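1. I'd like to go over a predicted model; first the sequence, then the structure.
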Amino acid sequence: MLDVKLDTHYKLTSDSLQYRLEKRSKSKDKKGNYTWTGIKFAGTIEHIMKAYKELKIRESDCATIQEILEVSKKTDKHIEKILGGL
C-alpha cells in the first residue's frame, strides 16, 4: 500500500480499492504523530494528482492568470518528480 508524502501538508495513500489524498491535521495522536484526514478518494493516481494540483491552485494567493499558470507548472513538475519515484 502507498504512503507517499507530497508536501508538508498532504500525502498520497492507497488500499486495495482506492487512492486517497490526505491532509495533515493540527492534532496529534497519543504517540505525538500528526493525524491525517482523507479529503479526496479516487480509483486512479491520475485523478488524485489532478485533485492535488487543483487544491494547490485554490490554496494559492494568485491574483493573475500568469500566477495561476506558474503555480500549475510548478505543481506539475513536483508531481512528475513524485510519480517518477513510484
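-> Alright, I've got the coordinates.
2. next up, the contacts around residue 44.
-> residue 19 (Cβ atoms under 8 Å, 6 or more residues apart in numbering). Backbone N, C-alpha and C define where each C-beta goes, glycine included.
3. assign the residue of the chain most remote from its centre to helix, strand or coil.
-> Most distant residue from the mean C-alpha position of the chain: residue 30, 25.0 Å away (Cα atoms, centre = their mean). Classification of residue 30 by DSSP: H, G, I helix; E, B strand; the rest coil places it in coil.
4. need phi/psi at it.
-> Here is the backbone geometry of residue 30 (degrees, to the nearest 10): phi -60, psi -20.
5. ok, it - contacts?
-> Neighbour list for residue 30: empty [criterion: Cβ under 8 Å, 6+ apart].
6. quick one: the strands in this protein?
-> In the chain, the segments counted as strands under DSSP state E are 3-5, 10-14, 19-28, 34-42.
7. what lines up beside the longest one in the sheet?
-> Partners of strand 19-28 in the sheet, by DSSP bridges, are strand 10-14 (antiparallel), strand 34-42 (antiparallel).
8. among the strands of the chain, which is the most enclosed?
-> When these are scored by mean count of other Cβ atoms under 10 Å, the highest mean neighbour count falls to strand 10-14 (a mean of 18).
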